[in-house]
Structures are given as structure tokens and as C-alpha cells.
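Colleague: could you work out the structure for the sequence below:
(chains A and B)
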Amino acid sequence: MARSVSTSRRITFTVVAWVIALILFFPILWTIITSFKSEGDAIAFPPVFLNFHWTLDSYREVQERSDYLLHVWNSAAVSFGSTLIALLISIPAAWAMAFNPGKRTKDILMWMLSTKMMPAVAVLVPFYLAFKNLGLLDTKLGLIIILTMMNLPIIVWMLYSYFKEIPGEILEAARMDGATLGKEIVYVLAPMAVPGIASTVLLNIILSWNEAFWTLNLSASQAAPLSTFIASYSSPEGLFWAKLSAASTLAIAPILVMGWFSQKQLVRGLTFGAVK
Amino acid sequence: MATIQMRTTARAMMAPAVILLLVWMAVPLAATLYYSFQNYTLLNPVISFAGLDNYYYFITDPAFASAVLNTIYLVGGVLLITVIGGLFLALLIDQPIFGQGIVRILVISPFFVMPTVAALVWKNMLMNPIYGIFAWLFSLVGLPPVDFLAQIPLLSIILIVAWQWLPFATLILLTALQSLDGEQMEAAEMDGAGVVSRFIYLVLPHLSRAITVVILIETIFLLGVFAEILVTTNGGPGTASTNLPFLVYTQALLNFDVGSASAGGIIAVVVANIVAFFLMRIIGKNLEA
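Modeller: Numbering: from 1, shown residues only, chains lettered A, B, ... in the order given. Below you'll find the model as predicted:
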């Protein structure tokens, strides 16, 4: 499409787009800048933008004030753990639905999706009581169980949509040549499915890392992932903006970078394939 | 050529996922339903049958009416901002601009910020009435500072949540926009269709499904907004920013009233199901295509 666009129009659009984009990005940028300030500079009024004494003190103090790395580890363990377990359960299911669809496959898929529509708050009470009785409150295991089940439908759906794009004839050919089911999966399906699986993993780690309903309600000090830990900065006992910013920057940085690489998969995963 | 053996294998492969989800879905929901008919508080271990009392008390509590209204304002307000803003942004980014890739990355970034961080950054560094950026901007034009979360708590939360979801709407609509047939647009342009009529007769109909999907999916998530309220206003002042999920949380984990909280949970299910019904129909249609 070689439509000629006048340079002046192009520049106008560019300027408008950049201004809006920078305004939308500003809260994140401001958090990153504030994380390098001293607490005094952080609450300076009028605000100081770049001409202040840059320091890494807040990052050090965040670790000293409470065991920050413990919460990083909790976040990583919970999001990676739940994604991996969900993946192990989902891959066979999605494989069967994509390559051996039965009469009810579509109904099962739709039903799985419908479980995502159940508001979390509706089952908060039974889970809270059950976790309390089983000693799962404030444990990583408990959070992994919850998040595994939360994300299972999305994972099945995403894998299904990727597996469906793999031509079934290739599998049949492998079968004709005498490949067993195990060999079929390892040598034929896996190499073609890896990109789809990787995208699924990426999106789900992002979703689990940022999850903030179950983590807030079911974890406290021991198993608290970053989302719960950072909520503890909401206490009004004092203004610790530089430390809040340092903790926040570290918490969002890895996910932000992962998110930039997963724009396409995000659309697909979050709309359940309705928009590609 | 599906042999019986293959079908059995397929079933065995699906079984773990299906059974786990079935248990996950049915057991807690049944428990909530059961609790909702019992007099049960965590402070008093004696459980007795309550009939519809919990529903009656939950619904007639003045906090319920305001929570329903707040939920509607929150969902409606965020939808209004994100759909219109997202449409505008998607159209803008779709233009041939310099640095398109970077603009895109900057715009979608807020979506990846975890809710507690987003809410706390807005609450403190932007909305604080003494040291915040907004207070500074207001002082530049000679306006008195606004104590956002005390004076306009719900509107402030709507702003924060809209900031998080605007990228989602933009990204989905941009994806849909990029699948628009360029030749068709060109033909319309050559036939003398102006920018406005091209937008109304070509772009909007093309985007209508993506817009519907954005509205429905956002609604599902927005009905459950919780963390943003917990770390900013804690539902207050009073119940000024308490939505339905937050009210259930208050009943369950602060007032220890399991029965009443469960009744609230069941009401939330009914509300979510009404939305889900429409969403499922659209996705189901797409599955056939």
C-alpha cells in the first residue's frame, strides 16, 4: 500500500503519538527515576526530575528492611511452578483435542473457558477455610495449586490453538512409518510445537507473576510473592517512596521486558483466539 | 480414521485436565452455595441452617446497594475510557509515524505492571495531595491540590484501573485494525470517501467484533477488581469505593461472616454469568469459522 502521506502530516501524527505514549509511560518512568533518589529527594516539592544526587541506597535498604530476595524467589517459584505443572496437564489434553477431536471436543473447550468466568471472590470462602484446615495458608505450595488451576483453561486453549495449526498429515505419516505415540510426540510434534508452547509459557508467567487476588488473600509473610510484599508499602506509617520505587522497579522490570516480546501472543491468549 | 484405541487414548489424555477442572469448579462452588444457607461465623463454631437469611441480610445491607452501584460505575467508567481511548490510540499508532515500534512498547507497558505496584505508585507519587506530581501540576496553573483518594476515591480508582487496561484495548484494536484490507480503503478513497465516512463505513464495522471482545473480556476482569482498592482506599472512605468483590472480602476475612460472604459470592457468580453468556456466544461462533 503505497499511499503518499505528506511529511507535515506524518510529523504531526508522530508528535501527537509520542506525547501521548510518554504520558502513559510516565508513571513507570517516574518510578524508575525515583528509585535512584534519596528519601528526601523523592518527596521534594517541586519534584526534581534529573538534577538530584543519584544513589543506589534504596535498593540496598529494600533488601535490609525485609528479605526482598525471599519474595523474588517466592514470585519466581510460584509463577514458574504453576505454569510448569499446568503445562504438564495441558499438553496431552490439548494434543488430544487438536488431533483426535471427538463430537464433544468443542463443548469441553467451551466449558473449560467458562470456568475462567467464575469470579474468584465466589470461591474465596471455601478456599480460605480449606487452606486454613490443611495448613496451606501462606505456603508456596498452596499458591502454586491455586494458580495452576486458575491458568489451566487459558493454557489448554492457547496450546490447542497452536497445535491445530500443525498439519495432522505429518503425524499420520510418522505413524505409518511405525512411530510409536511416544516417538511421535518427541520427534515430530515437539519440534513443531515448541514455539507455541514457549509463547504459552511466557504469557502465563506474566499472568501468574502479576496475580493479585489469591496471593493477597492467601499469603502473608512467608510465602508472599512480590505483589503481596509490595502491598505492605501501603501502610501509612511513613513515606518511603524511594524504597517503594526500588522494590517496584525490580518487581516489574523482568515482566515488562517479557511483555514487550509477547505482544502477539498476548492478543491471542487473552482473547482466546477471537482476535488474531 | 479414528480407531477405538485412538479414541480411548485421546480420552485418557484429556482426563486429568477435565477431571481436575471439574473438581476445582464444582467443589468450592457447592461449598459456597452450602455456606450461603448457613448461619456460620468464624467466631462462633456452631453452624445452623439459615434459609435465605444471609441473602436477605446481604442484599438489604445499605453497603450492598452502594457496592453494586460502585461496581457498575467502576466497570462502566473504565470501559468508557479504555474503549474510546484505545480506539483513538490504535488509529493513531496505525498511521505511518516515526518510531512506531517504540511508541507501541511505551503504550502497552502499563498492562505489565502488577496491580499492587500500579495502585501504590499512583496513590503516592502521582496523587499525593502534598508531594504528588498532580499536586505540582495543579500548582503550576494555580489550582488548589486535590486529595484524590479522599475526595474522589472511586474516580481515582477508575483512573488507575483505566491506565492499566488502556493498553489492552489499544493492543487488541490495533491488531484488528492491521488486518483491515488496504485495497478496500484505497478504493473508497478514490471514490471520494472522506476520512469520516471511511471511518464510519469501513473501519468501525471491521472493528466491531474486536470492540465487543474488548468490552466483554474487560468486563470479566473489571468485575473482579480488588487489589487496587485494597492498597489505595481500603474500600473507603466509608464504603465510597467498595465494590462487590471487596464487600465479600470484608464480610469474609474482616467480619468473619462466612454465611453472608458466601451469599455475596453467589450473587457475584450470577452477575458474572450474565456477562459470560454473551462472551461465550461470540467465542463459540468464532470456533466454528
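
Colleague: alpha carbons only for contacts and neighbour counts from here, please
Modeller: Noted.

Colleague: which residues in the stretch 1-150 of chain A form strands?
Modeller: Using DSSP state E, counting those that start in this stretch, the stretch 1-150 of chain A contains no strands.

Colleague: how many residues are close by the closest residue to A:S75 other than its chain neighbours?
Modeller: Distances taken as Cα to Cα, 6 or more residues apart in numbering or on different chains place A:P225 nearest to A:S75, at 4.4 Å, with adjacent residues excluded. Counted by other Cα atoms under 10 Å in any protein chain shown, the residues lying close to A:P225 total 31.

Colleague: with the one 5 residues further on instead?
Modeller: When neighbours are counted by other Cα under 10 Å, A:I230 registers 22.

Colleague: what about the residue nearest to A:S75, distance to A:I144?
Modeller: Distance from A:P225 to A:I144, counting by Cα to Cα, to the nearest Å: 11 Å.

Colleague: need the overlap of contacts for these two.
Modeller: Counting by Cα atoms under 8 Å, 6 or more residues apart in numbering or on different chains, the contacts common to A:P225 and A:I144 are A:V78.

Colleague: returning to that earlier point: surely the residue nearest to A:S75 meets A:L69?
Modeller: No - contact between A:P225 and A:L69 fails when scored by Cα atoms under 8 Å: they sit 10.1 Å apart.

Colleague: using the three-state scheme, assign the residue most central in space within chain A.
Modeller: Nearest to the geometric centre of chain A sits A:I206, at 1.2 Å (Cα atoms, centre = their mean). Assigned with DSSP: H, G, I helix; E, B strand; the rest coil, A:I206 falls in the helix class.

Colleague: contacting residues around the closest residue to chain A within the stretch 151-289 of chain B?
Modeller: Nearest residue of the stretch 151-289 of chain B to chain A (Cα to the nearest Cα) works out as B:G265 at 3.7 Å. Each residue near B:G265 by Cα under 8 Å, 6+ apart is listed here: A:V121, A:A122, A:V123, B:T32, B:P245, B:V248.

Colleague: helix/strand/coil for it?
Modeller: Taking three-state DSSP, the label given to B:G265 is helix.

Colleague: can you tell me the element the nearest residue to B:P237 once chain neighbours are set aside falls in?
Modeller: Leaving aside its sequence neighbours, B:P237 sits nearest to B:A150 (Cα to Cα, 6+ apart; 6.6 Å). Using DSSP states H and E, B:A150 maps to helix B:148-151.

Colleague: elements contacting that helix?
Modeller: helix B:153-177 (3 or more Cα pairs under 8 Å, 6 or more residues apart in numbering or on different chains; DSSP states H and E).

Colleague: can you name the next helix or strand after the helix it packs on?
Modeller: helix B:182-190.

Colleague: quick one: low-confidence ranges for chain A?
Modeller: A:1-5, A:235-239, A:272-274, A:276 (pLDDT under 70).

Colleague: do the same with chain B
Modeller: B:1-3, B:286-289.

Colleague: all helices of it, in order?
Modeller: For chain B, the helices defined by DSSP state H occupy B:4-35, B:53-60, B:62-94, B:100-108, B:115-121, B:133-140, B:148-151, B:153-177, B:182-190, B:195-198, B:204-222, B:227-232, B:244-249, B:258-288.

Colleague: now the second one - C-alpha only, CSV.
Modeller: It stands for helix B:53-60. The C-alpha trace of helix B:53-60 is given here as CSV (Å, rounded to 0.1, in the frame of the first residue of the first chain):
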residue,chain,number,x,y,z
ASP,B,53,-31.4,-15.1,55.8
ASN,B,54,-27.9,-14.5,54.5
TYR,B,55,-29.1,-13.4,51.1
TYR,B,56,-31.7,-11.1,52.8
TYR,B,57,-29.1,-9.5,55.1
PHE,B,58,-26.5,-9.2,52.4
ILE,B,59,-28.9,-7.5,49.9
THR,B,60,-30.7,-5.2,52.4
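
Colleague: just how off-centre is that helix within its chain?
Modeller: On the basis of Cα atoms, centre = their mean, to the nearest Å, helix B:53-60 sits 26 Å off its chain's mean C-alpha point.

Colleague: stretch A:182-196 too?
Modeller: On Cα atoms, centre = their mean, the centre of stretch A:182-196 falls 25 Å from the chain's centre.

Colleague: per the record, what domains does chain A have?
Modeller: A:1-65+A:235-252, A:67-224 (automatic domain parsing).

Colleague: ranking those by burial, who's on top?
Modeller: Using mean count of other Cα atoms under 10 Å in any protein chain shown, the stretch among those with the largest mean neighbour count is domain A:67-224, at a mean of 19.

Colleague: let's have the domains of chain A in CSV, adding distance to B:F37.
Modeller: Formatted as CSV, the domains of chain A follow (distance: least, Cα to Cα, whole Å):
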stretch, distance to B:F37
domain A:1-65+A:235-252, 36
domain A:67-224, 14
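
Colleague: so for B:L279, which of these sits nearest?
Modeller: domain A:67-224 (9.4 Å; Cα to Cα).

Colleague: end-to-end on that closest one?
Modeller: 11 Å.

Colleague: swap in stretch A:92-109?
Modeller: 14 Å.

Colleague: what's next to stretch B:5-20, contact-wise?
Modeller: A:89-90, A:92-94, A:96-97, A:100, A:102, A:108, A:112, A:149, A:152.

Colleague: and the nearest residue to A:Y128 once chain neighbours are set aside, how far is that from B:R11?
Modeller: The shortest distance from A:Y128 to any non-neighbouring residue, by Cα to Cα, 6+ apart, is to A:L218 (7.0 Å). Distance, A:L218 to B:R11, by Cα to Cα: 34 Å.

Colleague: could I get the contacting residues of the nearest residue to B:L42 once chain neighbours are set aside?
Modeller: Spatial nearest neighbour of B:L42, chain neighbours left out: B:F256 (5.2 Å); criterion: Cα to Cα, 6+ apart. Counting by Cα under 8 Å, 6+ apart, B:F256 makes contact with B:T41, B:L42, B:L43.
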